[in-house]
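K.L.:
requesting a structural model of the entry that follows:
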Amino acid sequence: MVPMPSGSLLGGERKTVFSVPWKRAVASSVLEARALSHIVGYLTQQCRGRAARILVLSDSVAALLAAGKGRSSRPGMCRAVRALGA
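P.N.:
Below is the predicted model of the structure:
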């Protein structure tokens, strides 16, 4: 599996960028893939023109693997992954 980040990464200041209630009930892995898509889009806009590295932690292996692969067989996950790649 994925090794834990060092203490220096987790010891810094954390903040919630945004929090939105979902309108429909779907699988948690699909929600995490959508959240990943939203946060990447938001951070892309915020860091435009600056060199930045941002660490996004997720406990959803399904969402991470689908995002890394760029596709999924689940319709909801597929939509979120396509939005992430766009």
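K.L.:
mind checking the SS state of Arg53?
P.N.:
coil (DSSP: H, G, I helix; E, B strand; the rest coil).
K.L.:
quick one: contacts for the spatially most central residue of the chain?
P.N.:
Nearest residue to the geometric centre of the chain (C-alpha atoms, centre = their mean): Leu36, 2.0 Å. Residues near Leu36 by C-beta atoms under 8 Å, 6 or more residues apart in numbering: 56, 58, 63, 67, 80, 84. All C-beta atoms are positioned from the backbone trio N, CA, C, and that covers glycine.
K.L.:
look up how far Arg48 lies from it.
P.N.:
Distance of Leu36 to Arg48, computed by C-beta to C-beta, to the nearest Å: 19 Å.
K.L.:
what about Ala33, how many residues nearby?
P.N.:
29 (other C-beta atoms under 10 Å).
K.L.:
that one sits in which helix or strand?
P.N.:
Assigned by DSSP states H and E, Ala33 belongs to helix 28-46.
K.L.:
as PDB, could you dump the C-alpha coordinates of that helix?
P.N.:
Taking C-alpha atoms only, helix 28-46 is exported to PDB below (Å, rounded to 0.1, in the frame of the first residue of the first chain):
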ATOM      1  CA  SER A  28     -18.700   6.800  -1.100                       C
ATOM      2  CA  SER A  29     -16.000   6.100  -3.700                       C
ATOM      3  CA  VAL A  30     -17.900   8.000  -6.300                       C
ATOM      4  CA  LEU A  31     -18.300  10.900  -3.900                       C
ATOM      5  CA  GLU A  32     -14.600  10.900  -3.100                       C
ATOM      6  CA  ALA A  33     -13.800  10.900  -6.900                       C
ATOM      7  CA  ARG A  34     -16.100  13.900  -7.300                       C
ATOM      8  CA  ALA A  35     -14.500  15.700  -4.400                       C
ATOM      9  CA  LEU A  36     -11.000  15.000  -5.800                       C
ATOM     10  CA  SER A  37     -12.200  16.500  -9.200                       C
ATOM     11  CA  HIS A  38     -13.500  19.600  -7.400                       C
ATOM     12  CA  ILE A  39     -10.500  20.100  -5.300                       C
ATOM     13  CA  VAL A  40      -8.100  19.700  -8.200                       C
ATOM     14  CA  GLY A  41     -10.100  22.200 -10.300                       C
ATOM     15  CA  TYR A  42     -10.200  24.700  -7.400                       C
ATOM     16  CA  LEU A  43      -6.500  24.400  -6.600                       C
ATOM     17  CA  THR A  44      -5.600  24.800 -10.300                       C
ATOM     18  CA  GLN A  45      -7.400  28.100 -10.400                       C
ATOM     19  CA  GLN A  46      -5.800  29.300  -7.100                       C
END
